[in-house]
Structures are given as structure tokens and as C-alpha cells.
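Asks: Sequence first, then the predicted structure:
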Amino acid sequence: MIKAVALLARKPELSHAELVDYYENNHSKLIRSLMPQIRDYRRNYLDRSSGIGADGAADPDFDVISEFVFDDRAAYEDMLATHARPEVAAAIAADEENFLDRARTRMYVVDVRES
């Protein structure tokens, strides 16, 4: 298994509820249709009222942590190749313009440890 996480920020003019509505009812379905390599796809929306942090710690600059699970590195690499196709990249970018501040998007492969 390999997992990637994306830290995504909504457009400033959208409310939290509007972000969740658009992501759940539009974007997540688009991603599922274009990226069959993703085995598990979770969206974790921040509850800003419940944050616990050190005194003076900066507020998070994102609104959702998306998790993408793949069976193996080959499936992840295949997803990247799919995303690199111009028509796929354009469709995703166009949809993200509807609800995300794309300049703040970042994605990382993570090393998952369980106990």
C-alpha cells in the first residue's frame, strides 16, 4: 500500500459548507472517474473550532486533508501518468478553479505506520 495526502485550501469567497458541498458532490466524483488507480479516497475537513496547538502556533493554511490510497507504487505511478495527460490535467484544473485556491495546494507521499 502507498498513501498520498493533499492539503487543500478553499477559495476565500467560499464558506466551509460550500467547500464540502462542491467537493463531495462534484470534484470527488470527477477524480474517481478519471483516476481508477485510487483504491481508497478520503476527504478530512478541518473543524477549526477544535484545534489544539502550542501558544502562538499559526492557524493551518488549508481546509481539507485528502487521502489517496493505492495498492502499490506502480498504481501510484500510473495515477501520476494519467494525471499528466493534458486532457485529464485540464479537466481537473478547470474543476478545481471552482472551489480551491490552487496556489496553496500541495501533495505528499506519506510513510504510514500503524500500531
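Replies: Thanks, I have the structure now. Predicted model, so just to flag it, every value in this text is computed and none were measured.
Asks: In the chain, what residue spans correspond to helices?
Replies: 16-22, 28-34, 73-84, 86-96 (DSSP state H).
Asks: Against which helices or strands is the second one packed?
Replies: The one in question is helix 28-34. strand 40-45, helix 86-96 (3 or more C-beta pairs under 8 Å, 6 or more residues apart in numbering; DSSP states H and E). Heads up, the C-betas are built off the backbone N, CA and C, glycines and all.
Asks: Need these in TSV (columns: mean pLDDT).
Replies: As requested, the helices and strands packed on helix 28-34 are exported to TSV (pLDDT from 0 to 100):
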stretch	mean pLDDT
strand 40-45	98
helix 86-96	98
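Asks: What separation do you get for the residue most central in space within the chain and residue 4?
Replies: Note on the chain: the residue nearest the mean C-alpha position is residue 66, at 3.6 Å, using C-alpha atoms, centre = their mean. Per C-beta to C-beta, to the nearest Å, residue 66 is found 9 Å from residue 4.
Asks: cool, and residue 111?
Replies: 11 Å.
Asks: Among these two, which residue is more densely surrounded?
Replies: residue 4 (17 against 7; other C-beta atoms under 10 Å).
Asks: Looking at strand pairing, list the partners for that one.
Replies: On the basis of DSSP bridges, residue 4 is bridged to residue 68, residue 109.
Asks: wait, doesn't the residue nearest to the centre of the chain sit right on residue 46?
Replies: No. Taking contacts as C-beta atoms under 8 Å, residue 66 lies outside contact range of residue 46: 11.8 Å.
Asks: Enumerate every residue touching residue 72.
Replies: Contact partners of residue 72, counting by C-beta atoms under 8 Å, 6 or more residues apart in numbering, are 1, 2.
Asks: returning to that earlier point: present the helices and strands packed on helix 28-34 as JSON lines; the columns should include mean neighbour count.
Replies: Shown next, in JSON lines, are the helices and strands packed on helix 28-34 (neighbours: other C-beta atoms under 10 Å):
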{"stretch": "strand 40-45", "mean neighbour count": "13"}
{"stretch": "helix 86-96", "mean neighbour count": "13"}
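Asks: mind checking how far the residue lying farthest from the centre of the chain is from residue 47?
Replies: Centroid-distance maximum for the chain: residue 55 at 28.1 Å, with C-alpha atoms, centre = their mean. Distance, residue 55 to residue 47, using C-beta to C-beta: 20 Å.
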